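>>> The following comprises the amino acid sequence and a computationally predicted model.
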Amino acid sequence: MTHSAFRVAALTSCIVFAAAFGGGVTATARHTELKKSSPKANDTLTVAPKELQFWFSQKIELPTSSVRLSGPGGAVVATGALHGQATADAPVVAAVTGAMAPGAYTIAWVAGSKDGHAVKGTIAFVLKAAH
Ligand SMILES: [Cu+2]
């Protein structure tokens, strides 16, 4: 495949890319990406986070976005509504309203974008008992 042919292929619908890479997990240039988070992947914390924070490469659509925090045994920990993004650099935030026991946690996030496609991912972290 020549370079120009590849470029044409790369410009085809992101639906094709979502299908090719498995459900839109891989973001194209036109889709938002998670730049960083708090907690971040593979963190080991000794204090339960009061909120979950996500910095995306572009403003996401909060009504079609979601966050799910699950802990030991898959139990879901209650979180508040997503908010934030007051400025371009401000994170998307969800307060942690449920109790967190020590153990392994997973944040499953979905970020909706203006074109209607969702980008998603998971962030695993551990909460250790404070000594
Ligand atoms: Cu798209």
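Arrived safely. It should be emphasised that the depicted structure is a prediction, and the values quoted were computed from it without experimental measurement. Numbers count the residues shown, from 1 in each chain.
>>> what about the helices in the chain?
For the chain, the helices defined by DSSP state H occupy 3-10, 14-21.
>>> can you tell me which of these the model trusts least?
In terms of average pLDDT, helix 3-10 trails the rest of the helices of the chain, at a mean of 41.
>>> beta partners for the spatially most central residue of the chain?
What sits nearest the mean C-alpha location of the chain, by C-alpha atoms, centre = their mean, is residue 109, with 3.8 Å. Taking DSSP bridges as the rule, residue 109 bridges to residue 67, residue 121.
>>> you'd agree it is up against residue 54?
Yes. Shown here, residue 109 and residue 54 form a contact pair, counting by C-beta atoms under 8 Å, at 6.3 Å. Bear in mind the C-beta positions are built from the backbone N, C-alpha and C, glycine included.
>>> Between those two, which contacts overlap?
Taking C-beta atoms under 8 Å, 6 or more residues apart in numbering as the criterion, residue 109 and residue 54 both touch 34, 67.
>>> Ends of stretch 105-118, what's the gap?
The straight-line separation of the ends of stretch 105-118 (C-alpha to C-alpha, to the nearest Å) is 22 Å.
>>> residues making contact with it?
Residues from elsewhere that reach stretch 105-118 (C-beta under 8 Å, 6+ apart): 14-15, 18, 24, 30-32, 34, 37, 39, 52, 54, 56, 58, 60-72, 77, 92, 119-127.
>>> Below-threshold pLDDT in the protein: ranges please.
In the predicted model of the chain, residues 1-29, 131 satisfy pLDDT under 70.
>>> tally of neighbours for the spatially closest residue to residue 37 that is not a sequence neighbour?
The spatial neighbour of residue 37 that comes closest, neighbours along the chain excluded (C-beta to C-beta, 6 or more residues apart in numbering), is residue 54 at 5.0 Å. Per other C-beta atoms under 10 Å, the neighbour tally for residue 54 reads 24.
>>> Next: the one 10 residues further on.
Burial of residue 64 is recorded as 14 neighbouring residues (other C-beta under 10 Å).
>>> roughly how far apart are the nearest residue to it once chain neighbours are set aside and residue 83?
Computed as C-beta to C-beta, 6+ apart, the closest residue to residue 64 that is not its neighbour in sequence is residue 112, at 2.8 Å. Relative to residue 83, residue 112 is positioned 14 Å away (C-beta to C-beta, to the nearest Å).
>>> Thanks again, I'm all set now.
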